[in-house]
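A.B. asks: missing the sequence, but the structure's below:
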């Protein structure tokens with residue numbers, strides 16, 4: 001009887017170890033995305049992970065405002081930090097500026113229609129004042145930038161901070177909380193998605209991939225100078 005109890009206990013212990021191993025093996029490893037390394041970007045209490053991105057062939061446009069220039073300059077640094085990590089070439093980065101956030105959608109549309117970039121990052125900062133001006137501009141800019149992306153098929157990243165206080169903007173534009181970094185990664189990822197969808201990258205067999213009639217689109221654009 002004693003032997004039977006020991007044998008039964010041993011089987012139970014071994015079974016628990018095996019089940020535990022199987023369970024652990026089913027849990028995705030941290031900082032992986034489809035088997036690739038990822039970068040986790042923290043934005044306040046939230047975070048977003050990005051797969052390892054090769055942006056060596058991606059062309060990025062950056063449009064920034066002169067309004068709240070100090071904040072926007074820090075966001076711009078964050079974007080370029082991400083582009084550098086994705087191996088985006090300096091000659092493939094076009095940068096221009098506009099007076100304020102309200103001018104961003106039209107400038108982004110001009111750049112998108114030039115067909116010389118694969119994604120656009122629009123940078124600005126709106127801080128709540130005493131009037132409704134903040135609400136009107138915020139809604140107009142966010143809606144306008146989305147329409148640019150939808151109407152031109154050029155990913156247009158909403159990189160505009162909309163805060164109630166200057167301190168909130170500074171916390172989101174400096175140091176580890178710099179939102180510009182995530183916007184830079186987003187631009188590269190969406191630029192790659194656009195290239196894949198339009199047949200400007202290797203065919204995948206299904207989903208986004210090379211499409212007849214669009215395969216030579218990239219070659220047609222290669223001789224065109226980036227930007228306006």
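C.D. replies: Ah, there it is. The structure presented is a predicted model; accordingly, all values stated were derived computationally and were not measured.
A.B. asks: From residue 142, how far out is residue 74?
C.D. replies: Residue 74 is 21 Å from residue 142, where distance means Cβ to Cβ, to the nearest Å. Placement of C-beta: from N, CA and C, glycine included.
A.B. asks: who's more crowded, the two?
C.D. replies: The residue with more neighbours, out of residue 74 and residue 142, is residue 74; 20 against 16, by other Cβ atoms under 10 Å.
A.B. asks: May I see the buried residues of stretch 116-130?
C.D. replies: Residues of stretch 116-130 classed as buried by neighbour count (16 or more other Cβ atoms under 10 Å): 116-128.
A.B. asks: So which of these belong to strands?
C.D. replies: Residues of those located in strands (DSSP state E): 119-127.
A.B. asks: nearest to residue 65, of those?
C.D. replies: Nearest to residue 65 out of those is residue 124 (Cβ to Cβ; 4.1 Å).
A.B. asks: I figured that closest one was touching residue 67, is that so?
C.D. replies: Yes - contact criterion Cβ atoms under 8 Å: residue 124 and residue 67 qualify, at 6.7 Å.
A.B. asks: intersection of neighbour lists for these two?
C.D. replies: Counting by Cβ atoms under 8 Å, 6 or more residues apart in numbering, the residues touching both residue 124 and residue 67 are 100-101.
A.B. asks: ok, now which ones touch the most centrally placed residue in the chain?
C.D. replies: Per Cα atoms, centre = their mean, the C-alpha nearest to the average position across the chain is that of residue 186, at 0.8 Å. Applying Cβ under 8 Å, 6+ apart to residue 186 gives the contacts 50, 157.
A.B. asks: can you give me the angle the host helix or strand of it makes with strand 119-127?
C.D. replies: Using DSSP states H and E, residue 186 sits in helix 179-197. Between helix 179-197 and strand 119-127, the angle comes out at 150 degrees (axes from the mean of the first three to the mean of the last three Cα atoms, to 10 degrees).
A.B. asks: Enumerate the positions of helix 179-197 that are buried.
C.D. replies: The neighbour-count check on helix 179-197 (16+ other Cβ under 10 Å) flags 179-192, 194-196 as buried.
A.B. asks: mind listing the strands for the chain?
C.D. replies: 32-33, 36-43, 46-51, 60-65, 93-98, 119-127, 156-163.
A.B. asks: Quick check: mean pLDDT of the longest one?
C.D. replies: Confidence over strand 119-127, taken as the mean pLDDT, stands at 98.
A.B. asks: who does that strand pair up with?
C.D. replies: Strand pairing for strand 119-127, using DSSP bridges, gives strand 60-65 (parallel), strand 156-163 (parallel).
A.B. asks: Out of these, which gets nearest to residue 225?
C.D. replies: Going by Cβ to Cβ, the one of the strands paired with strand 119-127 nearest residue 225 is strand 60-65, 12.5 Å.
A.B. asks: how far out from the middle of the chain is that closest one?
C.D. replies: Relative to its parent chain, strand 60-65 has a centroid offset of 14 Å by Cα atoms, centre = their mean, to the nearest Å.
A.B. asks: now what about that strand, what contacts it?
C.D. replies: The contact list for strand 60-65 (Cβ under 8 Å, 6+ apart) reads 72, 75-76, 79, 83, 88, 92-101, 103-104, 107-108, 111, 116-125, 187-188, 191, 226-227.
A.B. asks: Fine, thanks again, bye for now.
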